[in-house]
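Q: here is the input, now give the coordinates:
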Amino acid sequence: MAERRVLWLGLGLMLLSAGFLVWQIRAPYGFILELRAAKLGALICVGAATGAATVLFQTVAGNRLLTPGLVGFDALFVLLQTVLVAGLGGVGFAQIPTAPRFLIEAATLGGGATLLFGLLLRRDAQDVMRMILTGIILGVLLRGSAEMVQRLMDPSDFAVVQQAMFASFGAVDAGQLGVSAVVLLAALALSLRLAPALDVCALGRDTSRGLGLHHDRLVMIALLLMAAMVSVSTALVGPVTFLGLLTASLARHLTGTHRHAVLIPAAALLGALILVAGQFLFERLLGSASALAVIVEFCGGLTFLFLVLKRRRR
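A: Below is the predicted model of the structure:
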């Protein structure tokens, strides 16, 4: 039954993607299809990466209320944009070629995550919560540093930074999208290969080690896969903090299972469905292209509050 629901999600995504591409299309068809295909690819990549990465992160942390954004990815991205604009100016920042900037952002985010995991989990993965709390504190520090630099900026430069603080699917480079898709597919394939081990890992460190699982190594691999997916998706369009929490919660509710072989693709498909459906609604039907990220963050925040209050009642 759970596998069948995943298949239905995949079919729904295919139909919605087709509608996104051809809805009210006019000449020149080739040019419009190319623009829509790039935007559609970005929506699918970001949604799938965020959903799958959140499932991995929650399994490793043993907590369904957490998202990878809490570790400081978003704060590091905003600080990087702020430093680049402050150093080069708004005009200089706009003149940076898209490919080098994407690689710098993805490498910085991935390197920062790897450094955090490597320093705090060198001996074993027993204290994952300490790593998460350290990431949260570092995120607060990075946000404070970014805000301090932003207060010293010219208003025009600050407007450039403010625009980069929210996810934007309007202008996506095909080369960046190709790199992101390759990284995402590789990370998803490895995650699915580790699905049986992740099922055992979800039982807890002591139990999984008692069953013969190399728990600490699996935790590190899962965190690196999560970091790779979140890094490329954030560098591609910008931060989307609460989308993963929304998709992971919906995936568990719709599939009714704890098997990662089902949860990971379900969360990935749901993330893509939410973004494609939201962009289709706001852009094609309501004529607005800038409200999607705000609405997704709002719904994800409500989901977070609901889960917290639900757990508190228990």
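Q: rest of the way, CA atoms for contacts and neighbours
A: Will do.
Q: shaky segments in the stretch 51-200 of the chain?
A: Counting by pLDDT under 70, the stretch 51-200 of the chain contains low-confidence ranges at 119-127, 167, 170.
Q: list the contacts of residue 274.
A: residue 47 (Cα atoms under 8 Å, 6 or more residues apart in numbering).
Q: helix, strand, or coil at residue 212?
A: With DSSP: H, G, I helix; E, B strand; the rest coil as the basis, residue 212 sits in coil.
Q: what's downstream of the strand or helix carrying residue 159, the next helix or strand?
A: Element membership of residue 159 [criterion: DSSP states H and E] is helix 155-164. Next helix or strand after helix 155-164 toward the C-terminus (DSSP H and E): helix 174-193.
Q: so who does the residue nearest the centre of the chain touch?
A: Closest residue to the average C-alpha location of the chain: residue 50 at 3.0 Å, with Cα atoms, centre = their mean. Residues in contact with residue 50 (Cα under 8 Å, 6+ apart) are 229, 230, 233, 243, 244, 268, 271.
Q: what's the spacing between residue 34 and residue 28?
A: As defined by Cα to Cα, to the nearest Å, residue 34 lies at a distance of 10 Å from residue 28.
Q: make that residue 171, sorry
A: Per Cα to Cα, residue 171 is found 18 Å from residue 28.
Q: neighbour count winner among these two?
A: Between residue 171 and residue 28, counted using other Cα atoms under 10 Å, the more crowded position is residue 171 (12 against 8).
Q: against which helices or strands is the one helix or strand residue 236 maps to packed?
A: In the assignment (DSSP H and E), residue 236 maps to helix 215-237. On a contact count with 3 or more Cα pairs under 8 Å, 6 or more residues apart in numbering; DSSP states H and E, helix 215-237 meets helix 29-61, helix 73-94, helix 98-120, helix 174-193, helix 195-201, helix 205-210.
Q: apply 6 Å and report the result again.
A: With contacts taken as 3 or more Cα pairs under 6 Å, 6 or more residues apart in numbering; DSSP states H and E, helix 215-237 sits against helix 29-61, helix 98-120, helix 174-193.
Q: how distant is the second one from the center of its chain?
A: A distance of 14 Å separates the C-alpha centroid of helix 98-120 from that of its chain, computed with Cα atoms, centre = their mean, to the nearest Å.
Q: one more: the last one?
A: For helix 174-193, the gap between its own C-alpha mean and the chain's C-alpha mean amounts to 13 Å (Cα atoms, centre = their mean).
Q: what does stretch 92-110 give?
A: The chain centroid and the centroid of stretch 92-110 are separated by 18 Å under Cα atoms, centre = their mean.
Q: give me the buried positions along that stretch.
A: By neighbour count on 16 or more other Cα atoms under 10 Å, the buried set for stretch 92-110 is 93, 101, 102, 103, 105, 106, 107, 108, 109, 110.
Q: dump the C-alpha coordinates for that stretch into PDB.
A: Extracted in PDB, the C-alpha atoms of stretch 92-110 (Å, rounded to 0.1, in the frame of the first residue of the first chain):
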ATOM      1  CA  GLY A  92      30.300  44.000  -8.700                       C
ATOM      2  CA  PHE A  93      28.200  41.200  -7.100                       C
ATOM      3  CA  ALA A  94      25.800  41.200 -10.100                       C
ATOM      4  CA  GLN A  95      28.800  40.900 -12.500                       C
ATOM      5  CA  ILE A  96      30.100  37.700 -10.900                       C
ATOM      6  CA  PRO A  97      29.600  34.800 -13.400                       C
ATOM      7  CA  THR A  98      26.800  32.500 -12.200                       C
ATOM      8  CA  ALA A  99      28.800  29.300 -12.500                       C
ATOM      9  CA  PRO A 100      31.700  30.400 -10.200                       C
ATOM     10  CA  ARG A 101      29.300  32.000  -7.700                       C
ATOM     11  CA  PHE A 102      27.200  28.800  -7.600                       C
ATOM     12  CA  LEU A 103      30.400  26.700  -7.000                       C
ATOM     13  CA  ILE A 104      31.700  29.000  -4.300                       C
ATOM     14  CA  GLU A 105      28.300  29.000  -2.500                       C
ATOM     15  CA  ALA A 106      27.900  25.200  -2.700                       C
ATOM     16  CA  ALA A 107      31.500  24.500  -1.700                       C
ATOM     17  CA  THR A 108      31.300  26.900   1.300                       C
ATOM     18  CA  LEU A 109      28.000  25.400   2.500                       C
ATOM     19  CA  GLY A 110      29.200  21.800   2.100                       C
END
